[in-house]
Each structure stands twice: as structure tokens, then as C-alpha cells.
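Asker: Below is the structure, and that's it, no one-letter string:
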Ligand SMILES: Cc1cc2nc3c(=O)[nH]c(=O)nc-3n(C[C@H](O)[C@H](O)[C@H](O)COP(=O)(O)O)c2cc1C
């Protein structure tokens, strides 16, 4: 049997991350798409606020994450047009996507339908507040669907932290220490691989 391959496919993985959790998931999504043979752009969305605006206890973690992510290029509207497959990642913020991703999508001023035919998927780094991840993913998907993309809905294991939590001792890790566990990274890689391969199939 011939192995599935997404050679010639472009995948853009676009994320915002304050503490590094979503960034780690984004890197795993990008890795999965690359393993499938796609050309990948890993891009971050810039912060809207300065570190000094935040309460001090969190500042060191934020600063470390920013240093770590400094070499990742900033996302541009062109990345959306370049891509055949698009993955958007956001931390959960009160059950919705973060303001940075909202602004990126709004600021790209895409006429409705401009991303028609592309395949899109979403991923999310929540804390252990069940339901927030699902709400965030659905809100992000709804925004992308408005631009005419085909939605590659996350599988249950990618979508629902409680289904993964059942497989290990303790709650999902993506928030407690901001370092996603392998049980979170493996579905993220599968999402990237699945996105790249699905896109190659829709092209025929
Ligand atoms: C303003 C704010 C609101 C948040 N709201 C939620 C929420 O509704 N549900 C949740 O599970 N986590 C929530 N969190 C926690 C973040 O989603 C969580 O820490 C996430 O892993 C951070 O991702 P990052 O490491 O990529 O920055 C919130 C965090 C902040 C700062």
C-alpha cells in the first residue's frame, strides 16, 4: 500500500501564546504536517499588551516564553493566501479565542469567501476548566468558516481535554505548568498530519 503523502501542499500554522503552551502545540502541529510531506510556515501573532501591563508574578514566565518565540516570524495575511491548509491555535480566554487571534483574523480584512477551498483546523491550550476548549475551538472555527474554508473538525481526542485526561493520572497539563504533555502533543501532531493529507485529497 502506498503511504499517504502531502508533497506540494502548503500548511500555515498560526498561533498566539503568552506562556508557551499553545506554542508547543503549534510546533507539534507543524511537525505533523511536515512529516506528511507538506511545506510548513509556523507563524506567531504578536502580543497586544506589554509585559509591564501584567501582574508581576507572571512576568518572568511571559518574558521567557517571548524570548523562546522571538525567532518565530510574525503571521501575515499573505500566509493565509499562501496556504492550502490552515491551522489556527489560541489559548482559551474566558471560553473564547484570545484577543490577539481575534485581531489577526479581523485585521486581515478578508472579503467573505476569500479562503474558499482551503482546509482549516484549530487547536487550543486551556487550563483544566472543562468546556472552555470546546467553546474556543468552535468560536475559532466559526470565524474561519465565514471565509469559506472547508473545516477539518478536530477529533474528540484533539478537542476535549477530558477524553485525554481519562488516559492519564491527573488533569490536562497544558495549563498547570504550561508544558503540554505527550498526550496533548501526539493529537496535535496528528492534527497537522491530518490537515496536510486531507488538503492533498481535496485537490485530487
Ligand atoms: C485572561 C485569561 C482568561 C483565561 N480564560 C480561560 C478559560 O476560560 N478557560 C480555560 O480553561 N483557561 C483559561 N485561561 C487559561 C489559559 O487558557 C491557559 O493558561 C493556556 O494554557 C495559556 O496558553 P499559553 O501558554 O499558550 O499562553 C485564561 C487565561 C487568561 C490569561
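Answerer: Alright, I've got the coordinates. Model, not experiment: these values are computed from the prediction. Numbers count the residues shown, from 1 in each chain.
Asker: lowest-pLDDT helix or strand in this structure?
Answerer: The weakest-scoring helix or strand in the chain, judged by mean pLDDT, DSSP states H and E, is helix 161-165 (a mean of 47).
Asker: helix/strand/coil for residue 11?
Answerer: Three-state call for residue 11 (DSSP: H, G, I helix; E, B strand; the rest coil): strand.
Asker: Can you give me every residue that contacts the residue nearest the centre of the chain?
Answerer: In the chain, the residue lying closest to the centroid (Cα atoms, centre = their mean) is residue 89, at 2.2 Å. For residue 89, the contacting residues are 13-17, 22, 25-26, 29, 101, 122-125, by Cβ atoms under 8 Å, 6 or more residues apart in numbering. Using the backbone N, CA and C atoms, a C-beta is placed for each residue, glycine as well.
Asker: would it count as being in a helix?
Answerer: No. Read with three-state DSSP, residue 89 is strand and lies in no helix.
Asker: I'd like the distance between residue 136 and the ligand.
Answerer: 8 Å (Cβ to the nearest ligand atom, to the nearest Å).
Asker: Please look at that residue and residue 102 and confirm they touch.
Answerer: No. Counting by Cβ atoms under 8 Å, residue 136 does not reach residue 102; the two are 11.0 Å apart.
Asker: any residues in contact with both of those two?
Answerer: Contacts common to residue 136 and residue 102, judged by Cβ under 8 Å, 6+ apart, are residue 96.
Asker: Who has more neighbours out of those two?
Answerer: More neighbours surround residue 136 than the other of residue 136 and residue 102, with 26 against 19 (other Cβ atoms under 10 Å).
Asker: And that one, which helix or strand is it part of?
Answerer: helix 132-145 (DSSP states H and E).
Asker: And that helix, what does it pack against?
Answerer: With contacts taken as 3 or more Cβ pairs under 8 Å, 6 or more residues apart in numbering; DSSP states H and E, helix 132-145 sits against strand 85-91, helix 99-107, strand 119-125, strand 150-151, helix 156-159.
Asker: which one of these has the lowest average pLDDT?
Answerer: Confidence, taken as mean pLDDT, is least for helix 156-159 of the helices and strands packed on helix 132-145 (a mean of 54).
Asker: ok, now how distant is residue 119 from residue 194?
Answerer: Residue 119 is 9 Å from residue 194, where distance means Cβ to Cβ, to the nearest Å.
Asker: what residues are shared contacts of the two?
Answerer: Counting by Cβ under 8 Å, 6+ apart, the residues touching both residue 119 and residue 194 are residue 152.
Asker: which residues does the residue lying closest to residue 9 once chain neighbours are set aside contact?
Answerer: For residue 9, ignoring the flanking residues on the chain, the nearest one in space by Cβ to Cβ, 6 or more residues apart in numbering is residue 38 at 4.3 Å. By Cβ under 8 Å, 6+ apart, residue 38 lies in contact with 6, 7, 9, 10, 11, 85, 196, 199.
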